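Peer 1: here is my input, please return the structure:
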Amino acid sequence: MTPEVFIRDLAPTWAESITFDEWIVKMISEGKTSDESFEAALRVYGRDRIAEIWRKHQEKTAGEGGRAS
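Peer 2: Next up is the predicted model:
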């Protein structure tokens, strides 16, 4: 399953306005890492990929003076 299909199936109303990476960042930022949908993403895509998405977000926001994107 591609990330696009995952997010579309998970949240059809968000699918056109949020990417999988943005959804991951949103879930982590909001402390929803024990949410069933987030745990499903971990199972499907693995901790390494999810961690990489978060790391890139952290680097990006650090480069912007700590502001959220």
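Peer 1: any stretches of the protein with poor pLDDT?
Peer 2: 1, 7, 10-16, 65-69 (pLDDT under 70).
Peer 1: for the residue nearest the centre of it, helix, strand, or coil?
Peer 2: Of all residues in the chain, the one closest to the mean position by Cα atoms, centre = their mean is Ile24, 1.1 Å from it. Per DSSP: H, G, I helix; E, B strand; the rest coil, the local secondary structure of Ile24 is helix.
Peer 1: dump the residue contacts of it.
Peer 2: Counting by Cβ atoms under 8 Å, 6 or more residues apart in numbering, Ile24 touches Phe38, Ala41, Ile50, Ile53, Trp54. Heads up, the C-betas are built off the backbone N, CA and C, glycines and all.
Peer 1: tell me which other helices or strands the helix ranked longest in the chain touches.
Peer 2: Longest helix in the chain by number of residues (criterion: DSSP state H): helix 47-63. Contacts of helix 47-63 with other secondary structure elements, assessed using 3 or more Cβ pairs under 8 Å, 6 or more residues apart in numbering; DSSP states H and E, are made with helix 20-29.
Peer 1: between helix 47-63 and the helix it packs on, find me the angle.
Peer 2: When axes from the mean of the first three to the mean of the last three Cα atoms, to 10 degrees is applied, the directions of helix 20-29 and helix 47-63 differ by 80 degrees.
Peer 1: one step back: could I get the contacts of Ile24 as TSV with distance to Arg8 and neighbour count?
Peer 2: TSV is the format used below for the contacts of Ile24 (distance: Cβ to Cβ, whole Å; neighbours: other Cβ atoms under 10 Å):
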residue	distance to Arg8	neighbour count
Phe38	16	18
Ala41	13	23
Ile50	18	19
Ile53	18	21
Trp54	22	16
